[in-house]
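Enquirer: the sequence isn't on hand, but the structure is:
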């Protein structure tokens, strides 16, 4: 390996990676399809046994009356928020300053739905009940993301969540869950998906995060709500003649990986402890509450990067493919998420790699 | 087969069907994937070799600077119309009264984009240059569908198309093609896709009509236009992390079926002649200009249905799975489209079936 490699290139060449389930390649879909018969009929524009069966399964799992499959969470969530705004009469919703619709969706709420957004709390911490109580504007819906991905996957206590739900219900504010990673936090809450979902009026779930499917999302709620979402799904161009590549892969990997969420959670806590034992590295949350966390380094990316590349070369173990500069590039950070890959490396090898990393970081200062 | 079967059930039980390529089942995707290596990397949110290579191929084929892959035509076309409206400053477009956005998209242009629509000409005929000349409102864009599916797949002459294009360019009106079935009309026009597309500012192509892929669409035009479509693709929730199931199946079936478009066209004309030789049946167009046409029967659906069911049972050949009542249900019609299935039955058997159908229809009157 040459010194001129970027971190991304070095990571790609490293045999043992500590993140995710495996490469996002065509094999992911091939494996899923191989467990279905070829003569299984496609869903047709949202109808047919294949899609209806899966939607029913998901509604049951989430404890909701009904569920609709969508190609993406971006589509599913804007529809939920639009419908709650239409019901209430105010085109105004509230969410975290780093919510997905705020930073990753090209301002779709305003551009497509003329929905105003109210940012709750601060970018670097969770929304609190107090933030909601202090809102001055009339809003139709609060979106809560469980866990809050952009701050390392932090999570309110279950008691706080219940209090927020109770408060919103009392005030007639709809509560929507961005549950892209809901399954990943159930081990921490020690609750079923249905128990958490009953605190919300509508719930979105993703199939390509911890589940590791190809793409796709579910939006669940009362039947009167989900029926209306289908009209908007058609309008937005999401009512495809065939969504089965995403549905079948979701179904396949749910069966494989839901039972492993407890393991991923434990392994995530184990790995975070290893990071926290390294000089200058701290995880957020310090003790993870899901399969993910962020690692913050007290040194600039350009100082950490060569150390990581050398470590990958020396140990064959890769920690991250990128570093994001923070605080005027005086510090940096990256995201970690645990999947099937983690157990493919012995604990001893991992421990050894982190000892080496610690030594390298100590030598730096 | 029991008399109580519906036409749809009877059709499903019939071994030789004259429509389409084959069943829309999971095998369609399995076959496509089997020609790719499992370690082929997924596209990631519209980037990566897999999607970029296909987009470049399609742009070249359509003679446009750039092309973007979309999950659906509904999404692609509303974005094209929105962008042309934004460029022009008038949120008003014109199209046929039976255009796809008018009848199949839940009023998305108005509901999502506040775009007014002007209906050109009459529902039962093609748009003419005169219709466009007589428009009183200022419009940003004319959408032309080639062929016009809801009236049997009719097509303006190439000279009329050139005249419409010239007129729109002179007046600064953008011309957008709904080319869901563009490849299917090239044998009639005796033109390349690029030759037809150069008459238009933007072009949408579908991959699950004559091509027979799983789903998906291409939108092509100048680079300055397609770059803007990507922002809207993100907003509408179509910028999926992985679109490869649709891209690879599009690529696979294009290679298989583009070379067969001439055959489908000839077979469609052959089959239409057989229908027109039956008492009380007429095709629209009388001589097809693509792989599709509509069959109109001068008798009510409830009279034709038992004859068709009996014919399927007697011959093993299925003509249609449904009948649509017209003119206060005094007449009926159905759509025919030719694909790979057509040549799986001998011409003699087909001819015999139509002779029998003719005799049955004569006996009815």
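Expert: It's in. Model, not experiment: these values are computed from the prediction.

Enquirer: Three-state assignment for the closest residue to chain B within the stretch 201-350 of chain A, please.
Expert: Nearest residue of the stretch 201-350 of chain A to chain B: residue A:237, at 2.7 Å (C-beta to the nearest C-beta). (C-beta placed from N, C-alpha, C; glycine too.) At residue A:237 the chain is in coil, as set by DSSP: H, G, I helix; E, B strand; the rest coil.

Enquirer: skipping adjacent residues, who's closest to it in space?
Expert: Nearest residue to residue A:237 in three dimensions, chain neighbours excluded: residue B:75, at 2.7 Å (C-beta to C-beta, 6 or more residues apart in numbering or on different chains).

Enquirer: look up how far residue B:62 lies from the residue of the stretch 201-350 of chain A closest to chain B.
Expert: 20 Å (C-beta to C-beta, to the nearest Å).

Enquirer: picking that back up, the residue nearest to residue A:237 against residue B:238, yeah?
Expert: Yes - between residue B:75 and residue B:238 there is a contact at 4.8 Å, judged by C-beta atoms under 8 Å.

Enquirer: intersection of neighbour lists for the two?
Expert: Shared contacts of residue B:75 and residue B:238 (C-beta atoms under 8 Å, 6 or more residues apart in numbering or on different chains): A:236, A:237, A:238.

Enquirer: quick one: which of these is most hemmed in?
Expert: Counting neighbours by other C-beta atoms under 10 Å in any protein chain shown, residue A:236 leads the shared contacts of residue B:75 and residue B:238 with 32 neighbours.

Enquirer: contacts only, for that residue.
Expert: By C-beta under 8 Å, 6+ apart, the contact list for residue A:236 reads A:75, A:78, A:79, B:74, B:75, B:108, B:112, B:236, B:237, B:238.

Enquirer: stretch A:243-261 vs chain B: in contact?
Expert: Yes - judged by C-beta under 8 Å from any C-beta of the partner chain, stretch A:243-261 comes into contact with chain B through A:243, A:244, A:245, A:246, A:248.

Enquirer: now the fourth one. Nearest residue, chain neighbours left out?
Expert: Right, residue A:246. For residue A:246, the spatially nearest residue (C-beta to C-beta, 6+ apart) is residue A:216, at 3.4 Å.

Enquirer: ok, which residues in the stretch 151-300 of chain A are in contact with chain B?
Expert: Within the stretch 151-300 of chain A, the positions lying close to chain B (C-beta under 8 Å from any C-beta) are A:208, A:214-215, A:231-232, A:234-246, A:248.

Enquirer: now the strands for chain A?
Expert: A:16-17, A:66-70, A:92-95, A:116-119, A:141-145, A:174-179, A:202-206, A:217-221, A:281-284, A:292-297, A:317-318, A:324-326, A:331-337 (DSSP state E).

Enquirer: and the residue of the stretch 201-350 of chain A closest to chain B, how close does it get to residue A:44?
Expert: Per C-beta to C-beta, residue A:237 is found 16 Å from residue A:44.

Enquirer: over to residue A:295?
Expert: Between residue A:295 and residue A:44 the computed distance is 46 Å (C-beta to C-beta).

Enquirer: with residue A:225 instead?
Expert: To residue A:44, residue A:225 is 23 Å away according to C-beta to C-beta.

Enquirer: of the two, who's got more company?
Expert: Here residue A:225 and residue A:44 are compared on neighbour count by other C-beta under 10 Å; more neighbours surround residue A:225, at 22 against 15.

Enquirer: thought the more buried one was touching residue A:176?
Expert: No - in this structure, residue A:225 is not within contact of residue A:176 by C-beta under 8 Å, at 10.4 Å.

Enquirer: mutual contacts of these two, please.
Expert: Overlap of the contact sets of residue A:225 and residue A:176 (by C-beta under 8 Å, 6+ apart) consists of A:80, A:201, A:202.

Enquirer: give me the number of residues near the first one?
Expert: Residue A:80: 29 surrounding residues under other C-beta under 10 Å.

Enquirer: check residue A:180 too.
Expert: Residue A:180 has 22 neighbours, counted by other C-beta under 10 Å.

Enquirer: mind checking how far it is from chain B?
Expert: When distance is defined by C-beta to the nearest C-beta, to the nearest Å, residue A:180 is 12 Å away from chain B.

Enquirer: give the contact list for the residue lying closest to that residue once chain neighbours are set aside.
Expert: Sequence neighbours aside, residue A:206 is the residue nearest to residue A:180 in space, at 4.0 Å (criterion: C-beta to C-beta, 6+ apart). For residue A:206, the contacting residues are A:73, A:179, A:180, A:181, A:216, A:217, by C-beta under 8 Å, 6+ apart.

Enquirer: and with 7 Å instead?
Expert: For residue A:206, the contacting residues are A:73, A:180, A:217, by C-beta atoms under 7 Å, 6 or more residues apart in numbering or on different chains.

Enquirer: the lengthiest helix in chain A packs against which elements?
Expert: Selection of the longest helix in chain A by residue count, based on DSSP state H, yields helix A:347-364. For helix A:347-364, the elements it packs on are helix A:261-276, helix A:301-315, strand A:317-318, judged by 3 or more C-beta pairs under 7 Å, 6 or more residues apart in numbering or on different chains; DSSP states H and E.

Enquirer: name the nearest residue to residue A:150, ignoring sequence neighbours.
Expert: Spatially, and ignoring its direct neighbours in sequence, residue A:150 is nearest to residue A:98 (3.7 Å; C-beta to C-beta, 6+ apart).

Enquirer: residues near whichever residue of the stretch 51-200 of chain A sits closest to chain B, how many?
Expert: Using C-beta to the nearest C-beta, the closest approach of the stretch 51-200 of chain A to chain B is made by residue A:75 at 2.7 Å. By the measure other C-beta under 10 Å, the count of residues near residue A:75 is 29.

Enquirer: distance-wise, check it relative to residue B:67.
Expert: 22 Å.

Enquirer: and residue A:194, by the same measure?
Expert: According to C-beta to C-beta, residue A:194 and residue B:67 sit 44 Å apart.

Enquirer: these two - which one has more neighbours?
Expert: Using other C-beta under 10 Å, the more surrounded residue of residue A:194 and residue B:67 is residue B:67, with 24 against 14.

Enquirer: in the sheet, who's paired with that one?
Expert: Applying DSSP bridges to residue B:67 gives these bridge partners: residue B:220.

Enquirer: OK, contacts around it?
Expert: Residues near residue B:67 by C-beta under 7 Å, 6+ apart: B:55, B:58, B:59, B:218, B:219, B:220, B:226.

Enquirer: what do you get if the cut-off is 8 Å, keeping everything else the same?
Expert: Residue B:67 makes contacts with B:55, B:56, B:58, B:59, B:218, B:219, B:220, B:226, as judged by C-beta under 8 Å, 6+ apart.

Enquirer: what's the nearest residue to the third one if we skip its chain neighbours?
Expert: So the one you mean is residue B:58. Excluding its sequence neighbours, the residue lying closest to residue B:58 (C-beta to C-beta, 6+ apart) is residue B:67, at 4.3 Å.

Enquirer: what of the fourth one?
Expert: With sequence-adjacent residues excluded and distances taken as C-beta to C-beta, 6+ apart, residue B:59 is closest to residue B:67, at 3.9 Å.
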